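Student: With the input below, show me the fold.
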Amino acid sequence: MSVYPSENSDLIISNRDQGKNCLFCRIAHKEIPADVVAEFEYCYVIKDVFPVSKGHILIIPYEHTENWVYR
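Tutor: Predicted coordinates for the structure are as follows:
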């Protein structure tokens, strides 16, 4: 069962133009294929294409944000 946000989901980007050029938003909307390791309600996990170390993964929220620190 996939938990990717649907068109009716509150998790979907409210303004689709906001994330249209965002690589991670495009992966979340399945516009770009990725090696998804896990899917959760608010985020998904992918293998890093350029890993820092063996087994390096990225945890990506479905909600587009410009800055992690100041929301």
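
Student: so where's this protein uncertain?
Tutor: Low-confidence segments of the chain, defined by pLDDT under 70: 1-19, 68, 70-71.

Student: any chance you could map the strands in it?
Tutor: For the chain, the strands defined by DSSP state E cover 36-39, 43-47, 57-61.

Student: Buried ones in the second one, by neighbour count?
Tutor: Spelled out, that is strand 43-47. 43-44, 46 (16 or more other CB atoms under 10 Å). Using the backbone N, CA and C atoms, a C-beta is placed for each residue, glycine as well.

Student: I'd like these as a markdown table, with distance to residue 67 appended.
Tutor: Shown next, in a markdown table, are these (distance: CB to CB, whole Å):
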| residue | distance to residue 67 |
| --- | --- |
| 43 | 17 |
| 44 | 20 |
| 46 | 21 |
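
Student: Between those, which sits nearest residue 69?
Tutor: residue 43 (17.4 Å; CB to CB).
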